[in-house]
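**Q** coords below, sequence missing:
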């Protein structure tokens with residue numbers, strides 16, 4: 001099988017809108033700049049679950065979960081030289097400098113994520129947008145707030161099938177994949193056959209590991225965060241449900257680990273090796 005990189009997408013701010021670069025550098029932890037920033041919040045009361053990572057007075061810090069902050073899809077964020085961030089919200093825009101605060105450890109799905117707070121007026125704007133207090137933070141360990149594998153791939157064949165099932169074109173940004181692979185007239189869900197196999201994607205070499213579990217985030221419209229008019233999870237539940245660690249999961253696309261870092265650009269060849 002040989003395809004082409006049809007589109008690239010990454011998210012400098014976790015949970016925010018995708019940016020679509022023409023080229024990315026893929027390292028062991030994933031694409032450079034992907035989810036290098038996040039929003040964190042205090043977890044208090046019965047949700048704290050006792051002392052643990054990120055515990056400080058007033059409750060521990062936790063990374064804000066995307067499924068609980070769909071309004072962040074309205075935010076556009078781009079990385080700036082010097083590890084800063086340009087942040088554009090519906091109510092304003094800011095150039096956020098690289099934080100100089102002491103690091104802290106936030107909890108991310110039970111895993112420690114070292115971050116540094118970047119306090120400023122954007123914290124109030126982000127809090128107003130999502131409807132509860134959050135703070136902007138720089139992620140200090142690349143890949144620390146990536147839920148699944150470092151690289152997620154989806155195919156145009158699968159998107160074509162989803163359009164058939166829902167009756168309208170489906171924006172691949174709803175699935176937050178790094179690489180959309182152009183697969184021509186290949187069968188739907190062709191990426192399922194890549195499990196355990198090696199792909200050369202541009203200058204990077206990847207090993208495909210498993211399908212990617214999907215949550216209610218795919219029901220949201222990119223750019224607005226509003227509920228989409230279709231029912232993607234319902235369309236996928238017809239034949240895309242598997243038993244996962246947490247019970248029954250809807251899967252779509254595949255995750256991969258990086259065997260050989262390298263550059264990947266739109267138009268590059270995607271070659272199935274073994």
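**A** Sure thing, it's come through. Here the structure is a predicted model, which is why all the values come from computation and not from measurement.
**Q** Mind giving me the packing neighbours of the lowest-mean-pLDDT helix or strand in the chain?
**A** Lowest on mean pLDDT, DSSP states H and E among the helices and strands of the chain sits strand 241-244, with a mean of 85. Under the contact definition 3 or more C-beta pairs under 8 Å, 6 or more residues apart in numbering; DSSP states H and E, strand 241-244 sits against strand 247-260. Placement of C-beta: from N, CA and C, glycine included.
**Q** Direction included, what does the strand it packs on pair against?
**A** strand 151-155 (antiparallel), strand 204-214 (antiparallel), strand 241-244 (antiparallel) (DSSP bridges).
**Q** Show me where this structure dips below the pLDDT cut-off.
**A** Across the chain, the ranges flagged by pLDDT under 70 are 45-58.
**Q** and with 50 instead?
**A** 46, 48-57 (pLDDT under 50).
**Q** Quick check: can you list the domain ranges of the chain?
**A** Using automatic domain parsing, the domain parsing of the chain gives 2-29+148-272, 37-139.
**Q** hey, where'd the helices end up in this protein?
**A** Along the chain, counting by DSSP state H, helices occupy 121-130, 156-166, 232-236.
**Q** from the middle of its chain, how far away would the shortest one be?
**A** This means helix 232-236. Centroid displacement of helix 232-236 relative to its chain, using C-alpha atoms, centre = their mean, to the nearest Å, is 19 Å.
**Q** same check, this time on stretch 33-48
**A** That offset, for stretch 33-48, works out to 15 Å (C-alpha atoms, centre = their mean).
**Q** Show me which residues of it are buried.
**A** Buried positions in stretch 33-48, judged by neighbour count with 16 or more other C-beta atoms under 10 Å: 33-43.
**Q** same deal with stretch 209-225?
**A** Of the residues in stretch 209-225, those buried (16+ other C-beta under 10 Å) are 209, 211-214, 217-222, 225.
**Q** Kindly report the same for stretch 170-187.
**A** Buried residues in stretch 170-187 (16+ other C-beta under 10 Å): 170, 172-183, 186.
**Q** re earlier: check the buried residues of stretch 209-225 against residue 272 and report the nearest one.
**A** Nearest to residue 272 out of the buried residues of stretch 209-225 is residue 209 (C-beta to C-beta; 14.8 Å).
**Q** so what's residue 143 up against?
**A** 29-30, 35, 150 (C-beta atoms under 8 Å, 6 or more residues apart in numbering).
**Q** do you know how far it is from residue 36?
**A** Separation of residue 143 from residue 36 (C-beta to C-beta, to the nearest Å) stands at 10 Å.
**Q** Same check on residue 235?
**A** Residue 235 is 33 Å from residue 36, by C-beta to C-beta.
**Q** same thing with residue 269?
**A** Separation of residue 269 from residue 36 (C-beta to C-beta) stands at 28 Å.
**Q** Spatially central residue for the chain, please.
**A** For the chain, the residue sitting closest to the mean C-alpha position, by C-alpha atoms, centre = their mean, is residue 176 at 5.0 Å.
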